[in-house]
Structure formats: structure tokens, C-alpha cells
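Participant: sequence and predicted structure below; questions after.
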Amino acid sequence: MTTRIDTTFAELARQGRSAFVTFLMAGDPDAKTSLEIIKALPKAGADIIEIGMPFTDPMADGPSIQAAGLRALKGGMTLKKTLEMVRGFRKGNDATPLVLMGYYNPIYIYGVDKFLGDAKAAGVDGLIIVDLPPEEDTELCIPAMKAGLNFIRLATPTTDDKRLPAVLANTSGFVYYVSITGITGSAAADSAAVAQAVARIKRHTKLPVCVGFGIRTPEAARAIAQNANGAVVGSALVDALRSSLDSEGRATARTVAAVTDLVSSLAQGVRGARQAAE
Amino acid sequence: MNQNLPNSFRSGPDEFGHFGIFGGRFVAETLMPLILDLEKAYAEAKADPAFQKEMNGHLKDYVGRPSPLYFAERLTEHLGGAKIYFKREELNHTGSHKVNNVLGQIMLARRMGKKRIIAETGAGQHGVATATLCARFGLECVVYMGAVDVARQQPNVIRMEMLGAKVIPVQSGARTLKDAMNDALRDWVTNVHNTFYCIGTVAGPHPYPAMVRDFQSIIGNETRQQLQEAEGRLPDSLVACIGGGSNAMGLFHPFLDDPSVEIFGVEAAGHGLTQLHAASIAGGRPGVLHGNRTYLLMDEDGQITEAHSISAGLDYPGIGPEHAWLHETGRVKYLSATDDEALAAFQLLSRLEGIIPALEPAHAIAKVMELAPQRPKDHLMVVNLSGRGDKDVPQVGDILKGKKK
């Protein structure tokens, strides 16, 4: 099985650069604006797009992404509508990988098999489910692999060498290294420590390693991208989106550009890493 | 649902933390290594006679155990049916059953070398117990409490602060127990290196549901012995209130394999089951939250809905996974009591027995008021009086004043 994720990393390897991975919440602040933003991301420089599936109780997320999820839910977003959004995106783009990220309960309630079928058909390439560690692989990870979707696992600073093989065993697409022990959008990642961690993971796997949590600026993105196969930015984009909203939390004429402008400058940072590395 | 009844109801969970389809370990990877460490440390402690001996010493001299099993003579007369006994957990140091579990977890934290303790709390009873034992053993204590609960359970907030704990009012979501648990989990993910998460109920990722149950089982074990001494036999029925379900599990578990014992759990029906409530079994379905699969209140998209109960300690949209399993196997019957029923029971018990109960066990008493009259006079019914009502006096006082107007 080859997904758009595999194809993208192969192409980036040929170009000798790292991936810029963006995260935004589906339906933030409303379904229409959210789709418009997602559609504009590849042109602004996103190589891989992660879309958050809103959940009322996002236990690994900080205030920014919690609030984004609640805005989306308030706007009527559901898992079904998130998949509709993916279909909308795929109408104009068949190349950029799309990864859905979130928590297990909405998928469990939707029905695992139905969800995997609908997600694959909509054009989803991979899943990151925060509250499904390898100990719960039979729930979704194994069925997702069978359905032709990458199941992207999180590795963290607490995942030691003894545990890494278990974490990597059923991982595909890429490995998402969580650069800090903490929630999204909190502390800044230390690039030297991250470089060491990425090297450690690469001793155990041939998969690309992307790094996320705590990356907010083009400089930080560049520093991370020098040592990893990709840099993921989420909270900073969600914050840029939020600050473009009106006092009622509605999208304004500036909302799409607020996100794509920041994506462009972060993408520059990631692309700069190639020169820095060479 | 009853086609595969187990040989024993007391053998769970399996090695993956499952009670039937319930339980499990649905947590972020950052926490997973810690949870595996905890499981190992707990298994070792459980098998260590020195750990048990030290714990028994503290339970006797610090907590004040055994708690009495009291024949509630006037309530029995008033209801005119079953002979009612109270397991007096409200007489424990700190005023509820919560201290049994906290003592066990704090001793385990010490054994694991953890110096910082975090906890979530609803009514504040678990927070007070945690703050108390942290003071006793010189540990840093941070308690997450929903901002709504901070307002309605002020006496306990003041107690926790007097004991040296830092109380953090949680502003996210419905600002009650569920949200306090979310923020405690976020703290834990951030401070894994030095922090022990002292969960207050029989929920969360494995091994918490089994571990908390084990620490609370002293309630049922003592009851068994005390009733043997008083009446020379087993009880005919047990009744306890359920939020997450730790006081209930503590009373029930030692009796699960005694088929003659009828067991009733009482959820909080809030304004009524067709309106806002906190009865996960009566009004929810299986889902995944806070590290385990269990019955949850949610909408059709799998979004968790807000619970409501007059009692902050029951105001949670889930229930411990072992209760979910005991419901599906039919071993325990789950009933529910409304805010108004609990308030009536609160007042009745205060006046008939001179015991002001917490609003949580007032829900259990409310169902005793229905169950006891339907049973013969030689029926022995044990109710877990899991906490005392001091913390609720200002809130109930205000409500009753409001009703008179």
C-alpha cells in the first residue's frame, strides 16, 4: 500500500528538504471558512495537512486548540461534516496528503468500520488518534491498516528505547515525535534535544520522523526541520485564525489570509532548512 | 447480554485492564510508560506484607477505622420494612470514604519516589483527603476543581487551602468534575517526571479502576465481618450512590459472588432522566473518555454532554468501567434518584437519625426510602453512608430558603 503520504515523503527526499505539516481544526470557526482555508494551504506552502476532528474533551491539547474545537462544535461541526470537508478539498487536490487527528470517541460512536470506509473514500490518507496507544491497537490501528490508511503514532520524550519498538510496530506513513512532555501550544521545543530524540527514533525505523508541539516561528521551524523529516505547526496557526475573528467569534474578511500568511512564512522557514543543512 | 456470565464476578480485570468490553488504557503515549510503571509498582506493593502492614496502621490510627456499622433504628421504624444498617464512612478522618483510596495511592507515590501529587475533585471530598495526606506526608499537592464546584463547595475549598494544597479552579467546558479531570490529565502529561496522579474514583486508565477498588474494598470487607457479628449472617441487600462509583464498588466488591445479596447502585437523576442529569447507565451508552471505555453521556456525534446533579460529587457524565460491566452482566441493578428526592432524604436523615449526610449518599438514602418498605422486617439492608454533609450545609440551606419563598 502506498498512500499520498508515502509519495510525498519520497518526493521531498528527492528534493532534499523536509515537510511542512500544518494543523487546523475542522470547522473552525465554521465549515465554509475552514474548507476555504484548507484549500489554500498547499499553495501557501503546506506539504501535509492535518485536520483536527473536534472533540469536547481534548485531554492532550492546550487552551488554543481546546478553544478551536469548541468554536467548531458550536458552529455545528460533526465527524460526518469533517469527512464532507475532506471530499470538498479532494475535488481540487489529489496530491496533498490529508491526515485526520483527534480522539477516539467520535470515531467509536460513528462506527470503526464505517468510519474507515468513509474516510478512505473521502480521500483521507492517515489518522493520528491521541488516546490510542499501541496497547489498544486492535481498536482502530489494525483495522485502519487493513483499510489502506496510515496509522501515525505519537512518540514522546517518555517513550524510551525499550518501548519504541512497540510504538513503531504498527506505525506507517510517518512517526510524529511530540517534542515536549506537555499539551499542545505550551512550552517551546529545544532543538538540540529534539535532534537527539529524532536520531534515536531513526535508529529504530526507516519511516520519516516529523516533530510537533511547541513550534511557533519560522526560525523554530527551520531549526527543527534541519534534523527531522518534517515540522508540524498547530497552535500558532489556530491562534492566528482566532485573532482574525470578530468579537462574536465569526470569520472576517481577514481570516483566510491570516492563516495563509503565517503558513507562507513558516514554510519559508522549513524550506530554508535545506540550505542550512547543505 | 447475560449469555456469558463469568464463574466469578470478582476476578476482573484481565491483564489489559478490561472488564468485559469496558476499561482499557486509552491515554496519550506520554502517559503510557508511566501507567505501565504504576501497574508494576502497584502489583509489587500489593504483594508486599510490609506495605499492607503500614497501610493498616494508618487506617487504624489516622483514618480511624474500622468505621462503625450502625443500625438505623428510627429510619427502619419510619419506613416499616427492611432492617437498615449504615456503614458509617462519613466518620472517617476527612469526612468520607475517599481517604481509604488516597492513603493507598499516597503510600504508593512515596514508594515510587514521586514528590508532587495532583488530583481532580468534584465535591471536594477527594481533594480534601488528598490535601490531608499530602500534609501528613510532606508532599506538594495541586487539586483541580471545576469553577462551578469551587463556588458551591466553598467549605471544602477553604479546607484544602488550610491543609496547604493549591486549588486550581478549572474554567473549561462545564467547569465541573469532567473538566477538572481533563485539566489534571493535562498537568500530568506536562509534569510526568515528578508527578503522581491520585485519581479519586474507580475510573481512568488501568490500573486505576482496579487499584482504587482494592483500596476501597475495606468498606465491604469490614461490613461483612461486622454484620456477621451483629446478625450472624450476610446482608440481603446493599445500596450505594454512584458518581464514578468508588464508594459503591468498595462496598459491593466483596459481596459480588454471594448470589443471595441484592446489590443496588444509585445514580444522580438531576432534574429527571428526560432532562439534565448525571445518570450514565440510565441515560448513556458505551464510549471512550478519560482513559477507559464505559457508559457515558454523549450526543449522537460522540461529543460528551454536560452532566447535572445537585451533588457536585455525582456530577460526572461517566461511571467506572467495572460498574458498566456489572450492569451488563446484570449482577448489580442501577437505579437513579433526582435532586428533589436526594434533598428530601437529606432532610429526613438529619431529623430522624441526627446524621446530616452528604448530598451524594442522600441519593442512596432516597432509594432506600423506596426499597426498604417493599421488603420484610427480617431483610438486612446495608447503605453506604459515604460522606458527611457539612460541606453541603450552606448550599442546602440556600436551596431550602429559596423553596420557602
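Facilitator: That came in fine, so what should we check first?
Participant: how close does A:Gly76 sit to chain B?
Facilitator: 10 Å (C-beta to the nearest C-beta, to the nearest Å). Any C-beta I mention is one placed from the backbone N, CA and C, and that applies to glycine too.
Participant: list the contacts for that residue?
Facilitator: A:Gly27, A:Ala31 (C-beta atoms under 8 Å, 6 or more residues apart in numbering or on different chains).
Participant: for it, which three-state class applies?
Facilitator: Secondary structure for A:Gly76, judged by DSSP: H, G, I helix; E, B strand; the rest coil, is coil.
Participant: what's the distance between it and A:Ser265?
Facilitator: Distance of A:Gly76 to A:Ser265, given as C-beta to C-beta, to the nearest Å: 32 Å.
Participant: just the element for residue 168, please.
Facilitator: You didn't pick a chain, so chain A it is. Per DSSP states H and E: A:Leu168 is located in helix A:164-169.
Participant: actually chain B
Facilitator: Per DSSP H and E: strand B:166-170 holds B:Ile168.
Participant: which of the residues in that strand are buried?
Facilitator: Under the neighbour-count criterion of 16 or more other C-beta atoms under 10 Å in any protein chain shown, strand B:166-170 has B:Val167, B:Ile168, B:Pro169, B:Val170 buried.
Participant: before we move on, back to that, chain center to the helix holding A:Leu168: distance?
Facilitator: Relative to the chain's own centre, helix A:164-169 is displaced by 20 Å; criterion: C-alpha atoms, centre = their mean, to the nearest Å.
Participant: what's next to the following helix or strand past that helix, contact-wise?
Facilitator: Next along the chain after helix A:164-169, taking DSSP H and E as the criterion, comes strand A:175-178. Here strand A:175-178 makes contact (C-beta under 8 Å, 6+ apart) with A:128, A:152-157, A:168, A:194, A:197-198, A:201, A:205, A:207-213, A:228, A:232, B:29-30.
Participant: restricted to helices, list those residues.
Facilitator: When DSSP state H is applied, the contacts of strand A:175-178 are split such that A:Leu168, A:Val194, A:Ala197, A:Val198, A:Ile201 fall in helices.
Participant: so which of those residues is the closest to B:Gly389?
Facilitator: Relative to B:Gly389, the closest of the ones in helices among the contacts of strand A:175-178 is A:Ala197; by C-beta to C-beta it sits at 51.9 Å.
Participant: which residues touch the closest one?
Facilitator: Shown in contact with A:Ala197 (C-beta under 8 Å, 6+ apart): A:Pro157, A:Tyr177, A:Ser179.
Participant: closest to B:Leu335 out of these?
Facilitator: Nearest to B:Leu335 among the contacts of A:Ala197 is A:Pro157, at 46.4 Å by C-beta to C-beta.
Participant: excluding its backbone neighbours, what's nearest that closest one?
Facilitator: Of all residues not flanking A:Pro157 in the chain, A:Thr181 sits nearest, at 5.3 Å (C-beta to C-beta, 6 or more residues apart in numbering or on different chains).
Participant: what of A:Gly185?
Facilitator: In this structure, A:Gly185 finds its nearest non-sequential neighbour in A:Ser235, 3.0 Å apart by C-beta to C-beta, 6+ apart.
Participant: for the one you found, give its distance to A:Gly272.
Facilitator: Using C-beta to C-beta, we find A:Ser235 at a distance of 21 Å from A:Gly272.
Participant: and those two? Which one has more around it.
Facilitator: Using other C-beta atoms under 10 Å in any protein chain shown as the criterion, A:Ser235 and A:Gly272 rank with A:Ser235 on top: 23 against 18.
Participant: residues touching residue 273, list them.
Facilitator: By default, I'm working from chain A. Contacts of A:Ala273 by C-beta under 8 Å, 6+ apart are A:Arg17, A:Ser18, A:Ala221, A:Arg222, A:Ala223, A:Ala225, A:Gln226.
Participant: um, chain B though
Facilitator: B:Ala279, B:Ala282, B:Gly283, B:Ser336.
Participant: just confirm the second one is within a helix.
Facilitator: Spelled out, that is B:Ala282. Yes: looking at B:Ala282 with three-state DSSP, it is inside a helix.
Participant: isn't it up against B:Lys333?
Facilitator: No: at 11.2 Å, B:Ala282 does not count as touching B:Lys333 under the criterion of C-beta atoms under 8 Å.
Participant: what strand or helix carries the nearest residue in space to B:Val99 that is not next to it in sequence?
Facilitator: Of all residues not flanking B:Val99 in the chain, B:Ala129 sits nearest, at 4.3 Å (C-beta to C-beta, 6+ apart). Using DSSP H and E, B:Ala129 maps to helix B:125-137.
Participant: quick one: A:Val21 from B:Glu54, how far?
Facilitator: To B:Glu54, A:Val21 is 51 Å away according to C-beta to C-beta.
Participant: more neighbours, those two?
Facilitator: A direct count of neighbours by other C-beta under 10 Å for A:Val21 and B:Glu54 places A:Val21 higher, at 25 against 16.
Participant: A strand includes that one, no?
Facilitator: Yes: counting by three-state DSSP, A:Val21 falls inside a strand.
Participant: quick one: it from A:Ala192, how far?
Facilitator: 21 Å.
Participant: just the strands in the stretch 1-150 of chain A please.
Facilitator: A:19-25, A:48-52, A:98-102, A:126-129, A:150-151 (DSSP state E, counting those that start in this stretch).
Participant: ok, which of these comes nearest chain B?
Facilitator: Chain B sits nearest to strand A:126-129 of all those, at 9.4 Å, using C-beta to the nearest C-beta.
Participant: isn't B:Leu34 up against B:Val192?
Facilitator: Yes: assessed by C-beta under 8 Å, B:Leu34 is found in contact with B:Val192 at 5.6 Å.
Participant: pull up the overlap in contacts between those two.
Facilitator: In contact with both B:Leu34 and B:Val192: A:Thr158, using C-beta under 8 Å, 6+ apart.
Participant: and these two? Which one has more around it.
Facilitator: B:Leu34 (21 against 18).
Participant: that one falls within a strand, correct?
Facilitator: No: per three-state DSSP, B:Leu34 lies outside any strand segment and is helix.
Participant: quick one: stretch A:114-131 near chain B?
Facilitator: Yes: Stretch A:114-131 comes into contact with chain B (C-beta under 8 Å from any C-beta of the partner chain), by way of A:Val130, A:Asp131.
Participant: now the end-to-end length of that stretch.
Facilitator: 20 Å (C-alpha to C-alpha, to the nearest Å).
Participant: what residues are up against the residue most central in space within chain A?
Facilitator: By C-alpha atoms, centre = their mean, chain A has its centre lying nearest to A:Glu50, at 3.3 Å. Counting by C-beta under 8 Å, 6+ apart, A:Glu50 touches A:Val21, A:Thr22, A:Phe23, A:Leu24, A:Leu98, A:Val99, A:Leu100, A:Met101, A:Ile128, A:Val232, A:Gly234.
Participant: ok, B:Glu77 - how many residues close by?
Facilitator: 10.
Participant: go on, B:Tyr70?
Facilitator: If you count neighbours by other C-beta under 10 Å, B:Tyr70 ends up with 17.
Participant: equivalent analysis for A:Phe23, please.
Facilitator: 24.
Participant: that one against A:Phe213, yeah?
Facilitator: No: counting by C-beta under 8 Å, A:Phe23 stays clear of A:Phe213, with 10.2 Å between them.
Participant: picking up where we left off before, out of the ones in helices among the contacts of strand A:175-178, who's nearest chain B?
Facilitator: Closest to chain B, out of all of the ones in helices among the contacts of strand A:175-178 and judged by C-beta to the nearest C-beta, is A:Leu168, at 11.5 Å.
Participant: next up, phi/psi of the nearest residue to that closest one once chain neighbours are set aside, please.
Facilitator: In space, and not counting its chain neighbours, A:Leu168 is closest to A:Thr205: 4.9 Å by C-beta to C-beta, 6+ apart. Here is the backbone geometry of A:Thr205 (degrees, to the nearest 10): phi -150, psi 150.
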